[in-house]
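In: Provided below for reference: sequence and predicted model.
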Amino acid sequence: MIEELNLKELFTAFVNFIFRNLKLLLIVIVIGVIGVISFQKLKTPYYETRAICISGISEYEHVGYQEGWLQRTAIDMINHLEINIANRDFNQVSELLGVEVDIAKSIKFIEAEQLYQKDMNEEFFTLNKFEISLSVFNNNNIHKIEEGLVFYFNNNPYVNEYYTSFKNSKEEVIRDINNEMNLLDEIRLKGLADQVNNITKVVSSNGLQKSEINNQIAALSEYREKIKMQKNLLRPLTFVQSFAKVNRPENEILIWSLIGAFISFIIGVFIARVREVKD
């Protein structure tokens, strides 16, 4: 009971304090909000956009995956750019992206995140895609920055070496499949069907089953097309969905006005309290 009375008295005293100094508090709050709005209006506007990407780097590195291609290396490469952007080392950013320094300076922030999806058991599993968040001061540079990111991946020595090795290995598999298909075709033309089962089949790292195949040529042809697709499509960086061209800058006036009003209120309470103590 005593504690309840003390809390009630404390609350009453605080309300009376607010009403006694209401004019001062309102003046301080208004000045604070006006200051925040003025700052937001004067600062350089920026635009936020996103893109969905896929990278074949994990395939080059032979990263084991069951839930989808892991995009860790590609994500780390994107996020590494933010180190130079945060340090305002735009000459380095310009060199890495292959763009002009003015375009590099227009980048405010960049970040990549792995994409996930829920299954029927409400559990998240990794997708073979990731998302890039980009903030720029000039929305006309978004497309050039997108091209710069592709340049950045294609000209990275580590990625380029793995990508070249990946393409060469796929070409070797395609040649082996072609040779196998030609040999099978020759045997069939000669009517030597009994020798078909002794032919060595081309087996992929993912495992083309060694069980009997009714139409081995058709199966090998289908597998060859799959290898060709991987070779042609699994590039270091591919944009599944390009950055959206946004025309409306981000507006944080409301949020910062509320924060400014709260901080101004605290400052006003402190000033009013000091003034009452002096009086």
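Out: Right, received. Where do you want to start? Numbering: from 1, shown residues only.
In: can you map out the strands along the stretch 51-200 of the chain?
Out: All strands of the stretch 51-200 of the chain, identified by DSSP state E, counting those that start in this stretch, fall at 107-118, 124-136.
In: which of those is buried the deepest?
Out: strand 124-136 (a mean of 18; mean count of other C-beta atoms under 10 Å). C-beta here means a position set from N, CA and C on the backbone, and glycine is covered the same way.
In: for the protein, longest helix please?
Out: For the chain, the helix with the greatest residue count under DSSP state H is helix 157-189.
In: which strands and helices sit next to it?
Out: helix 57-60, helix 216-233 (3 or more C-beta pairs under 8 Å, 6 or more residues apart in numbering; DSSP states H and E).
In: domains in this structure, by residue range?
Out: 47-156+236-251, 163-233 (automatic domain parsing).
In: of all those domains, which one comes closest to Val274?
Out: Distance to Val274, taken as C-beta to C-beta, is lowest for domain 47-156+236-251 among the domains of the chain, at 35.9 Å.
In: pick the most buried one from the helices and strands packed on helix 157-189.
Out: Buried most deeply of the helices and strands packed on helix 157-189, by mean count of other C-beta under 10 Å, is helix 57-60, with a mean of 21.
In: can you redo the helices and strands packed on helix 157-189 as JSON lines with distance to Ile177?
Out: Formatted as JSON lines, the helices and strands packed on helix 157-189 follow (distance: least, C-beta to C-beta, whole Å):
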{"stretch": "helix 57-60", "distance to Ile177": "19"}
{"stretch": "helix 216-233", "distance to Ile177": "5"}
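In: of these, which shows the lowest average pLDDT?
Out: Lowest mean pLDDT of the helices and strands packed on helix 157-189: helix 216-233, a mean of 79.
In: now for that one, which elements pack on it?
Out: If contacts are counted by 3+ C-beta pairs under 8 Å, 6+ apart, helix 216-233 sits against helix 157-189.
In: could I get the buried residue list for the helix it packs on?
Out: Across helix 157-189, burial judged by 16 or more other C-beta atoms under 10 Å covers 159, 162-163, 166, 170, 173-174, 176-177, 180-181, 184, 187.
In: partners of Lys118 in the sheet?
Out: Bridge pairing for Lys118 (DSSP bridges) gives the partners Phe124.
In: who's in contact with the closest residue to Leu237 other than its chain neighbours?
Out: Spatial nearest neighbour of Leu237, chain neighbours left out: Phe153 (3.9 Å); criterion: C-beta to C-beta, 6 or more residues apart in numbering. By C-beta atoms under 8 Å, 6 or more residues apart in numbering, the contact set of Phe153 is 55, 74, 77, 159, 235-237.
In: from those residues, list just the buried residues.
Out: Neighbour-count burial (16+ other C-beta under 10 Å) applied to these gives 55, 74, 77, 159, 235-237.
In: among those, which pair sits farthest apart?
Out: Pairwise distances across the buried ones among the contacts of Phe153 (C-beta to C-beta) peak at 13.8 Å, for the pair Met77 and Arg235.
In: circling back: same list (the strands of the stretch 51-200 of the chain) but as a markdown table, adding distance to Thr12 and mean pLDDT.
Out: What follows is the strands of the stretch 51-200 of the chain, written out as a markdown table (distance: least, C-beta to C-beta, whole Å; pLDDT from 0 to 100):
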| stretch | distance to Thr12 | mean pLDDT |
| --- | --- | --- |
| strand 107-118 | 48 | 89 |
| strand 124-136 | 48 | 87 |
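In: of those, which is nearest Leu96?
Out: strand 107-118 (11.3 Å).
In: which other helices and strands contact that closest one?
Out: Under the contact criterion of 3+ C-beta pairs under 8 Å, 6+ apart, strand 107-118 touches helix 72-86, strand 124-136.
In: for the longest one, the distance to its chain's centre please.
Out: It refers to helix 72-86. 10 Å (C-alpha atoms, centre = their mean, to the nearest Å).
In: ok and that helix relative to helix 157-189, angle-wise?
Out: In terms of direction (axes from the mean of the first three to the mean of the last three C-alpha atoms, to 10 degrees), helix 72-86 departs from helix 157-189 by 150 degrees.
In: what angle do strand 124-136 and helix 72-86 make with each other?
Out: 30 degrees.
In: how much space is there between Ser58 and Ala261?
Out: Distance of Ser58 to Ala261, computed by C-beta to C-beta, to the nearest Å: 49 Å.
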